[in-house]
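The sequence and its predicted three-dimensional model are supplied below.
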Amino acid sequence: MSPETAAARALSEIRADPRIRIVAVSGPGEPLANPETFETFELIRDSLQDVNFCLSTNGTMLSEHVPWLKKMGFMSVTVSMSTSNPSSAARIYEWAEIAGRRLTGDEMGLFIIRSQLHGISKAADARLPVKVNSILIPEINKEDIVRLAELVAEAGASLQNIVPLVPNGRFASLTPPSRTQLEDVRKRASVHIVQFRHCKQCRSDVMGIPGCDVIL
C-alpha cells in the first residue's frame, strides 16, 4: 500500500465513522526506518488537523525523530523493549546495521539498549508520553524485566505493558509464561512504573474502535 493509498483509506474511514480519532503505525518492521511512514502521516495531517497520531517503534531511531514527532502533533509513542541485558538482547534480535556496519551478539545488544533508553529520554524530555511494550520470554528475559522497568522509568517512560510471548517464528519452540509468572513479574515491575494490565493480543492492520475493529 502506497502512502497515498494508505492516507486516502485512513481519511475515508475517519470521515465515515467520527468515533475514529487515532491513526497509528506499527510493525512488522521499523516504521522510523521507512520514508513511507513520514509521508503517510504528513498526507493525513495536511487534510485533518484534529486527528491524533500514535507510533510504535523499537526505539533505536527514536531520538533523532523526536522533533518531527512533536511537529506532527503525536499524542504518544510506544517503544518495544523487552530486556535491559545485552546478552538477552543478543538472543531476541538477530542483527542490527549501524552506519553500514552489521552488529551481532552482545555488542549489538548493548547498542540497542542504549539507543532505546536514549530515545525514550529524548521523547520524554519533549513531553511525548512514552509507553514501553515488553514481551515476557521466560527462557530469555524473566530476570531482566524488573530492572528494565526501573531503567525505562528513570528514562521518562510513564507506562509499561508486559505481555506474554506468543511462540512463533524463531521463538516457536519457546514456552510462554504462565499466568502466575506474568502476574509476578508485573507486580514486581509495578514498584518502578505503572503497569498496563488490560491489553489483548491485537494486530496493526485493523480499523475501527476497540471491540468493533475490522481487519484491513
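Happy to help now that I have it. Computed from a predicted model, the values in this text were never measured in an experiment. Residues are numbered from 1 along each chain as shown.

Now do the same contact list for the closest residue in space to residue 40 that isn't next to it in sequence.
Using Cβ to Cβ, 6 or more residues apart in numbering and skipping residues adjacent in sequence, the residue nearest residue 40 is residue 3, 4.2 Å away. Where you see a C-beta, it was placed from the backbone N, CA and C, and this is true even at glycine. With contacts defined as Cβ atoms under 8 Å, 6 or more residues apart in numbering, the neighbours of residue 3 are 36, 39, 40, 43.

Identify each buried residue in the helix or strand encompassing the first one, please.
Secondary structure assigned from DSSP states H and E places residue 36 in helix 35-47. Buried residues in helix 35-47, defined by neighbour count with 16 or more other Cβ atoms under 10 Å: 37, 38, 40, 41, 43, 44, 45.

cool, and stretch 152-163?
Within stretch 152-163, the residues that count as buried by 16+ other Cβ under 10 Å are 152, 153, 155, 156, 157, 159, 160, 161, 162, 163.

Check stretch 181-198 too.
Using 16+ other Cβ under 10 Å as the test for burial, stretch 181-198 gives 182, 185, 186, 189, 192, 193, 195.

Relative to residue 105, which of the residues you listed is nearest.
residue 185 (25.8 Å; Cβ to Cβ).

where's residue 143 relative to residue 167, distance?
From residue 143 across to residue 167, the span is 20 Å (Cβ to Cβ, to the nearest Å).

One more: residue 39?
35 Å.

If anything else comes up later, I'll come back, but that's it for now.
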